[in-house]
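1. Sequence first, then the predicted structure:
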Amino acid sequence: MSELAKKPSAAGIEEQANYEKLANVIDLYSGKEGCLIQVLHAAQEIFGYLPYEVQKYVADNMGFSVSYVSSVSSFYSFFSTTPRTKHEVRVCLGTACYVKGGKLLIEKLQELLGIGVGEATADNVFSIHVTRCVGACGLAPVVVVDDEVFKQVKPGDIAGILEQYRGK
Ligand code: FES
């Protein structure tokens with residue numbers, strides 16, 4: 001492992017092994033073009049997602065600020081900063097969806113699931129996320145559950161959409 005690497009002292013044995021793998025990846029990519037994206041991809045593969053501690057570890061060991069690493073992690077939809085849940089509910093807040101009430105859909109989801117954006121339900125079935133334009137602007141506002149796109153969604157439709165996935 002790189003001498004530079006500073007792993008969190010509270011990490012368990014399995015986690016320590018993961019941090020060692022990550023340190024090797026950082027050694028491999030450091031200084032190369034696009035290295036942060038490559039390292040974050042590898043980190044997500046190793047840990048399953050990109051929690052704050054992992055983002056901080058990457059920042060500390062690659063010479064970036066944590067806020068920069070966090071902004072990259074949350075900008076790209078293929079990175080997840082929360083553990084994967086059985087179903088991921090994404091509300092589009094691109095311009096068309098925002099104008100047509102995307103925020104109201106988020107509020108309804110938060111109310112029905114009792115969690116905030118970026119959070120998971122206690123049973124790990126649902127999590128709420130915001131996404132950028134998914135290319136269905138003509139049928140805004142749009143909600144995406146896993147890979148399924150729901151168009152022209154109204155707040156009153158949200159309960160029914162969730163119900164379809166509860167037992168799945
Ligand atoms: S803005 Fe939501 S699909 Fe384009």
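-> Sure, I can see it. For clarity, every value in this text was computed on a predicted model and none was experimentally measured.
2. Tell me which residues touch whichever residue of the chain sits closest to the ligand, please.
-> Nearest residue of the chain to the ligand: Gly94, at 2.5 Å (CB to the nearest ligand atom). (Glycine included, C-beta is placed from N, CA and C.) By CB atoms under 8 Å, 6 or more residues apart in numbering, the residues touching Gly94 are 102, 131-134, 137, 140.
3. can we see that at 6 Å?
-> 132-133 (CB atoms under 6 Å, 6 or more residues apart in numbering).
4. what packs against the longest helix anywhere in the chain?
-> For the chain, the helix with the greatest residue count under DSSP state H is helix 13-29. Using 3 or more CB pairs under 6 Å, 6 or more residues apart in numbering; DSSP states H and E, the elements in contact with helix 13-29 are helix 35-47.
5. Buried ones in whatever helix or strand comes next after the helix it packs on, by neighbour count?
-> Where DSSP states H and E defines the elements, the next helix or strand beyond helix 35-47 is helix 52-62. Neighbour-count burial for helix 52-62 flags 54-55, 57-62 (criterion: 16 or more other CB atoms under 10 Å).
6. on that earlier part again, list the buried residues for the longest helix of the chain?
-> 18-19, 21-23, 25-26, 29.
7. Tell me the one of those nearest Glu111?
-> If you rank the buried residues of helix 13-29 by distance to Glu111 using CB to CB, Asn18 comes first, at 36.1 Å.
8. so where's the protein uncertain?
-> 1-11 (pLDDT under 70).
9. Contact distance from the ligand - what residues of it qualify?
-> Residues of the chain lying close to the ligand by CB under 6 Å from any ligand atom are 92, 94-97, 133-137, 140, 142.
10. Now the buried members of these.
-> Buried residues within the residues of the chain next to the ligand, counting neighbours by 16+ other CB under 10 Å: 92, 94, 96-97, 134, 136-137, 140, 142.
11. Take these and write them to a markdown table, including secondary structure.
-> As requested, those are arranged in a markdown table below (DSSP: H, G, I helix; E, B strand; the rest coil):
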| residue | secondary structure |
| --- | --- |
| Cys92 | strand |
| Gly94 | coil |
| Ala96 | helix |
| Cys97 | helix |
| Val134 | coil |
| Ala136 | coil |
| Cys137 | helix |
| Ala140 | coil |
| Val142 | coil |
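12. what about Glu88, how many neighbours?
-> Around Glu88 there are 18 other residues, counting by other CB atoms under 10 Å.
13. Test my guess that it contacts Ile128.
-> No - when contacts are counted by CB atoms under 6 Å, Glu88 is not listed as touching Ile128 (8.4 Å).
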